[in-house]
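# quick one, fold the following:
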Amino acid sequence: MATGMKTLFIAATVMAASTLTANAQADSIYLHNGEIVGGKVLKVSEKTVTFTYVDEDAQQTLGKYAVARVVFGKSKRVQDVSDRIIVRSKEDWENVIVIQNTDEVAGLKRRTELKGKTRQINYRTGEGSDKTALKKLKMDAAENGCPFVFITTDKDIDRKSDDGGSWGQVQSIKKGVGYAYN
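Got it, this is the predicted structure:
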């Protein structure tokens with residue numbers, strides 16, 4: 001082999017080895033939708049996972065509900081982030097998670113608009129109306145195959161007259177967006 005060819009071969013081998021070493025030490029983020037994201041995990045917080053892609057500096061964020069676990073490349077340590085939420089039918093409405101923060105939906109797929117409300121005249125207190133509207137919202141989410149709902153509207157309409165009133169005069173309306181893994 002000529003000296004120039006040897007030098008080229010050695011340089012190519014060194015570059016390939018350094019690329020493999022760099023990729024072998026990359027962190028792996030396992031998503032509930034089956035995807036694996038490679039990069040450098042910067043932070044795993046209560047609500048999000050912050051990372052950069054391999055060979056990039058721009059920080060990215062995924063909501064914790066999208067992430068199953070993180071495997072750190074150098075140490076091979078595994079950190080569980082969240083359990084997969086299973087919603088198969090309307091009967092699974094109690095499994096639906098209500099999300100309050102937009103950061104938490106990053107990495108989830110927006111599915112549909114949802115609504116839950118009580119009747120204008122009902123036999124519930126204000127608190128009871130609120131709970132019933134939330135239950136209906138979560139049932140709507142479960143029926144649409146959405147384990148997550150991000151609330152966009154949460155209001156109570158007080159139908160009492162100036163001289164008071166009691167039961168059944170507060171209507172609760174909740175609207176949201178349903179999210180799923182894919």
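
# pLDDT of stretch 136-147, averaged?
What stretch 136-147 shows for mean pLDDT is 96.

# tell me how far that stretch is from the chain's mean position?
When C-alpha coordinates are averaged (C-alpha atoms, centre = their mean, to the nearest Å), stretch 136-147 and its chain have centres 15 Å apart.

# try stretch 73-90
Stretch 73-90 has its C-alpha centroid displaced from the chain centroid by 11 Å (C-alpha atoms, centre = their mean).

# tell me what the helix or strand that contains residue 179 is packed against?
Following DSSP states H and E, the helix or strand that holds residue 179 is strand 170-180. Under the contact definition 3 or more C-beta pairs under 8 Å, 6 or more residues apart in numbering; DSSP states H and E, strand 170-180 sits against strand 109-117, helix 126-143, strand 148-158. The C-beta positions use only the backbone N, C-alpha and C, and glycine is treated the same way.

# let's see the shortest one as PDB, backbone CA atoms only.
Extracted as PDB, the C-alpha positions of strand 109-117 are listed here (Å, rounded to 0.1, in the frame of the first residue of the first chain):
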ATOM      1  CA  LYS A 109     -49.900  14.600  19.400                       C
ATOM      2  CA  ARG A 110     -52.900  17.000  19.400                       C
ATOM      3  CA  ARG A 111     -56.000  15.000  18.600                       C
ATOM      4  CA  THR A 112     -59.300  16.800  19.100                       C
ATOM      5  CA  GLU A 113     -61.300  19.500  20.800                       C
ATOM      6  CA  LEU A 114     -63.200  18.300  23.900                       C
ATOM      7  CA  LYS A 115     -66.000  19.600  26.100                       C
ATOM      8  CA  GLY A 116     -67.600  18.800  29.400                       C
ATOM      9  CA  LYS A 117     -70.500  20.800  31.000                       C
END
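
# tell me the mean pLDDT for it?
Along strand 109-117, the predicted confidence averages to a pLDDT of 92.

# start to end distance for stretch 82-102?
Looking at stretch 82-102, the gap from its leading to its trailing residue is 17 Å under the measure C-alpha to C-alpha, to the nearest Å.
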